[in-house]
Every structure is written in C-alpha cells, then in structure tokens.
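> Below is the structure, and that's it, no one-letter string:
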DNA sequence: TATATTGAAGCAAACGTTTGATGACAGGAG
DNA sequence: CTCCTGTCATCAAACGTTTGCTTCAATATA
C-alpha cells in the first residue's frame, strides 16, 4: 500500500502538517521531530505524491513536448537534449508524436494542458494551430515556428542562413540547375530554407527555376519518389537541396539504383547532419543543425518563462536563432 | 484564468456536483440542466483538471516509459508503437532516457512512480534494478528482461531464435570463423542472441571461438573500434554477428575505410532491421524485430494488467515472444 | 387523502498535499 | 510576578475533482 504523510503522522502521534514541514525542510519543527520524521519516512518507504502536491502548488514539474516524428534521428537528438536538460531541473516530459497530423497536434495541445503541464515545446506542423498555441494557459516555446507577429518565443536554426549555405556551396561547386526537395509543411522552416537558397542564387545573379521546388514528405520514400520524378521530367537537373537528410538518403537510394554517382554526376546536399550522413558509404554533404543545443536552449527558455509566468505584462516573445554549419562530404564536388 | 467546475456552477447558480455529473454523463441531472451545463462549459472554455480528477480516482491515465536511448531508430520505432497504442486508450506517456546508466534508470523508476503513473514499461539496462521493479506499486512490463523467476511480465523478440537465424545463415553461406559484437549489458537479450547463435554452430558440429565474443557499446563508434581491434588481432575472422544494426553500421564503416568488401571478403549480419539497413549503399543483412508490434503489445499487456491490478492474486507474469525474421541483403553471401 | 416512489438537486467527505492562522508553553526582561 | 517574545505544534482551509448520502418536491400508488 502507498504510504502517505498521514500514515507517518499517525505512527508518530503528531499532526500531519508537522510531517509535511519536516520533510520539506520548512521552519516550524524542532530538530528532533524533523530527524524522527525523516527517519520513519524512509523506513516506511514514503514517496510524496507529486500530483497531490501539484494540486496545491499549481505546478506539476512537467512539460509537454509535441513533435511530429521520433524515428527521424533529428528529432531523436533534439528530444534527447530536451529531456536531459529538463531533468536537470527536475522536470519530466510528456512526449507526444503528432505524426505530421494537424488534428492530432491539436488534440495533443489540448491534452497536455489538461494534464496541467507547466509549459510546452511544440514543433507545429500547421499554421491552423497557431491561435490555439497563443491562447495556451501555459508558456509555449515553438521549434521553428516564428511568424511575423508571434505571441510565443521560438528557437530555431537560422534556416535562411542554412539555405544560403546550401545554395552558396552548390554554386561554388559549379552547379547551376538546382532543385529543392521540401517537406510537406508550409512552415517557416522550409520557406526560410528556400528563401536563403534562392538568395544565394540571386546574389550571383543566377536563376533558380521555381518548377524545381518539389514538395513531398519528410521520409526516405518521398526523397526516392521525388528524385525519380524530377530526374525523369528534368534530366538536366545538376543538383538537389534536400530539406532534410532523410529525404537526401532517399535521393541517394534512387541514384544508387540508377547508377548515377552523387558528387560526380549530380550534387546532393541535405540538412540536419544526422549521424548516418557521415558514414563512409553515404558521405552526404549537409547543413548541420545544433540538435542537442536546440533542445537544451528551448528548455532553458521555457523554464525561464515558467518562472516569470505570473507577470504577464513583462513577457516579450523571443526569437533565438542558432548557427547552421556547412559540412562538406562526398555528395558534392567541384564541377569542371 | 483557468475555469473550474465551480465557476460553471456559480454562473448557473447550481451546485458544482451537478456540473460534474452533467459533464461526465452520470445520472442524477435533468436533461435540461445537462444541456445547459455542457453549453456553458464549452462557452467558458472549461477543461477538466485531470490531475485533480486523478487525485480522487487514483489513476492518472499516464504510463512511464524508461528506455536507454531514443536516437537509435530501434527505440524510436518501439516508442512510436508505445505512444500510438497508449493514445488509443487515452493514455499519455512520460518518456525517460536512461542513457544506459543504471543509476539514472533507478532514479527514473522512482520518479515516475512519484508522478503516480498507472504503470510502466522499462527496458532495464542492469539487473540491479530488478528488485526495484518487482516492488513497484504499479504494473510493470519489461522489454527484453525475462529472467527465470520474473515477477513482472516481459515482451521481447525471440532472441534465441534470432541469434539462431543469424548463426544458421552465416553457416549456410559457408562462414566458419565468426565473431559476435555484443552491447554492454549482461542482459538476457544479448545472452539469448549469443546462445541461439552458438546453438546454430553446435547443431552443425561447428565450433564458435569464445574469444571472439566482443563486448562494447551499442553505437557506431563501438562497432568501428571493435571491428578494428578484432580484425587486427584475428585477421582470419570471416564473419561478424553484430547485436544490433547500429554496431553493424560501425563495422561497415571500418570495412569501407580499409577497402574490405562486406559480403565478399567478410560476412556481416546485424539485428533489428532499422530503416537505414535497407539503403542500397548499406544493404545490411540483418534479423528483423517487429518493432512497432513490440510497443503495441507491451502497452496492451500493461493496460490489461492495470485494469486487473486490484486482484493481486490472479496475476501471473507472462512472457511474450515475437518472431524474428531473417532479412538477407548484400553484406552476406555464399562462400565458395 | 395518505403513503410510497421517483428524480433532481444539494451537501459534504475524500483524495494527499501545502500553508496561513491559532494556540500552548517556556524563557527572559522589566 | 507579570508581560513579552519566540519556538514548536496543531488546526483548518484550500487545490479541483468524484461520489455516496441526504433532502425535497413532484408524481404515482393504494
């Protein structure tokens, strides 16, 4: 049976509030009773019921995390960063997987609030939920969800710069007929990456052919299918910027099957720098995101907002941008 | 401000218990008040406080999941299966990452119980925590943690059979001087895989050289390092059974760098069948685990035990074994 | 008409904590 | 000897629900 504060009090013939104060190191109990309480609490195997505590303190030391996918190692690493950082401050994490589904995301946003989380971190997959997030009763940190007049803070890799790095690198290598493979969302992330990419082309007074902006899913199959489709329709394409590494892996799969050599016959650059990208068999050129840092910084920001949540008026949404980094490997190379 | 059941009651000038009954479709309220309550509850944006509800119902509709690593896609897929299945029954998931650390695992086991989870799923990384799990106040399902006299149920791929499939396949291909690369744990999983593997050798009256049972971590680097070490010390090794695909990827990385052709010069077989294993550049022969099913079945088993948790006496720990499947790809082939 | 039956509403306890208010008692100052 | 101060303990309310019990009026039954 679960032992409560009252069980301890009864056993010691004292009032249960003394037990509470003793256990929480609050003043108002003599050293002797305190020692005694602590001792018997341990003996009886007492574990505070944090949900009862939460009822009165109105905090649960829990944050909700809503992400679209946990199999993609990008989110795996970000989530690891989130959980590790949260744990340092004794917070636990409700993990929810929206599976890129807008309705499911909406349900989760409501559900975690019902569970009285102290705050949430959301990688939103659609704009329709923006107002739901803005009207949340707890602080919200968005991952890659900055829009012009955001009501909540957001952390992201600098996607414009990341896109630019990708574009610039392709140009430097001599590629001129590039394509972009984007994920499904019309989120800021993919727009910014595209924008940065095109900026790089403009800067050199080069033209990016908009018909080569291809939208698919964020998975291997999609990369494979888009590559097939694109290269059949536009065989002159000389390079592809995949919006994430998983898509790029799909591209590489198609190229391998067709005997097209990435880096030689066609340039491929990804985004994220998941671990697989560095394998010698893959050697994917990519733009690195500081994945663990993203998680860590989001949590720190969130905990800070939780702390100051009472004085609403002094809350200004922040936008934090982390630096991307170009990682050059074998799937791109100087064209002669 | 958060709106409570009492706010609604006050607005409607009725008692708050009627509101509760109305909202929960319990008898004892007239249809008219029920309609009225439901309507104003919606208008006022009422969201039940599930933790207060949990205090009285003594359940939280939450399960704790403790796994060692979320970046490995194996656990990513299992976790996805867990979360999706749990959600179907309106359960949420506390996700904890032990990072293969025994102490951290212990802390988590205690922490999730304090948070009053209704049950937990644990992939334990060390035997020391067995008693902690057995004395848990809530049902526990182990992932790959069956021992002779288990007190809690456990779900696992049939690792003996999986090991056997791997061994048999290597033998069928003509490999005779095999090595095993194991993860760190002395858990049942790795022991069973080894045992099955050796059974296959015994069955053919072949000898497995025990000095080639190598213990490392479950990551790419470890696979790389073990491969380097093994092949320098035992250059006659003709095949390696990696206890998971990530280790195998590390092996392939080493082989690639050395110009050794997997499947031709040396056989490599993994375990899990993560998605990367099927990439044409990788083509890793492996033993497939039904990852999503593992998650699903663990949750169903757990929810069942939660339902019947009251009558302790009729609780018999079950052991559920799922079928592994050999997936033959390019890193093994018939030797002449 | 008197009594039993029903249905709807209200009351209050309980879940396990935290915490402000109150009380008892001792020791020190005047 | 009285008054004040401070320490430690108890009391009780509160957090937001659920739920058993009671009350009350209206209706049905005899």
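The structure has been received and is ready for your questions. These numbers were taken from a predicted model, which means no experiment stands behind them. Residues are numbered from 1 along each chain as shown, chains lettered A, B, ... in the order given.
> drop to CA atoms for contacts and neighbour counts, all remaining ones
Fine.
> Give me the residues contacting stretch A:85-102.
For stretch A:85-102, contacts defined as Cα atoms under 8 Å, 6 or more residues apart in numbering or on different chains pick out A:61-70, A:83, A:104-105, A:108, A:112, A:125-126, A:128-129, A:295-296, A:299-300, B:80, B:83-84, B:92-96.
> tell me the mean pLDDT for it?
When pLDDT is averaged along stretch A:85-102, the result is 96.
> how about it: buried residues?
Residues of stretch A:85-102 classed as buried by neighbour count (16 or more other Cα atoms under 10 Å in any protein chain shown): A:85-87, A:91-100, A:102.
> Report whether that stretch contacts DNA strand C.
No: applying Cα under 7 Å from any atom of the strand, one finds stretch A:85-102 separated from DNA strand C by no less than 14.6 Å.
> on that earlier part again, and the buried residues of stretch A:85-102, which of them are in helices?
A:85, A:86, A:87, A:102 (DSSP state H).
> Pick out the most distant pair among these.
Using Cα to Cα, those span at most 28.7 Å, a distance reached by A:87 and A:102.
> Where does the prediction get shaky in the stretch 1-150 of chain A?
Scanning the stretch 1-150 of chain A for pLDDT under 70 picks out A:1.
> Show me what residue of it gets nearest to DNA strand D.
Minimum separation of the stretch 1-150 of chain A from DNA strand D (Cα to the nearest atom of the strand) falls at residue A:29, amounting to 3.1 Å.
> I figured that residue hits residue A:20, correct?
No: with contacts counted by Cα atoms under 8 Å, residue A:29 stays clear of residue A:20, the gap being 9.8 Å.
> ok, for residue A:328, nearest residue in space, not its chain neighbours?
Distances taken as Cα to Cα, 6 or more residues apart in numbering or on different chains put residue A:285 closest to residue A:328, at 4.6 Å, once the chain neighbours are dropped.
> can you list the residues of chain A near chain B?
For chain A, the contact set with chain B under Cα under 8 Å from any Cα of the partner chain comprises A:1-2, A:47-52, A:55, A:70-73, A:76-77, A:80, A:83-84, A:92-97, A:114-116, A:137, A:249, A:253, A:256-257, A:279-282.
> which of those are buried?
Neighbour counting by 16+ other Cα under 10 Å classes A:47-52, A:70-73, A:76-77, A:80, A:83-84, A:92-97, A:115-116, A:137, A:249, A:253, A:279-282 among the residues of chain A next to chain B as buried.
> out of the buried residues of stretch A:85-102, what pair is the most spread apart?
Among those, A:87 and A:102 lie farthest apart (Cα to Cα), at 28.7 Å.
> just to revisit the earlier point, just the ones in helices among the buried residues of stretch A:85-102 now: which is nearest residue A:273?
Using Cα to Cα, those come closest to residue A:273 at residue A:85, 21.5 Å.
> Tell me the secondary structure at whichever residue of the stretch 101-250 of chain A sits closest to DNA strand C.
Nearest residue of the stretch 101-250 of chain A to DNA strand C (Cα to the nearest atom of the strand) works out as residue A:116 at 14.3 Å. When classified by DSSP: H, G, I helix; E, B strand; the rest coil, residue A:116 comes out as coil.
> Helix or strand: which one has the residue in the stretch 151-300 of chain A positioned nearest to DNA strand C?
DNA strand C sits closest to residue A:300 of the stretch 151-300 of chain A, with a gap of 23.1 Å, by Cα to the nearest atom of the strand. For residue A:300, the element it lies in under DSSP states H and E is helix A:291-307.
> Now that helix: buried residues?
A:291-299, A:301-303, A:305-306.
> List the contacts of it.
A:74, A:77-86, A:118-121, A:138-141, A:143, A:154-157, A:272, A:315, A:322.
> Buried only: go through those residues for me.
A:74, A:77-86, A:118-121, A:138-141, A:143, A:154-157, A:272, A:322.
> among those residues, which are in helices?
A:74, A:77, A:78, A:79, A:80, A:81, A:82, A:83, A:84, A:85, A:86.
> Touching, the second one and residue B:71? I think so.
Yes: with contact defined as Cα under 8 Å, residue A:77 counts as touching residue B:71 (5.9 Å).
> Could you pull out the helices in the stretch 101-250 of chain A for me?
Ranges of helices within the stretch 101-250 of chain A are A:102-114, A:130-134, A:159-173, A:188-203, A:220-233, A:245-258, based on DSSP state H, counting those that start in this stretch.
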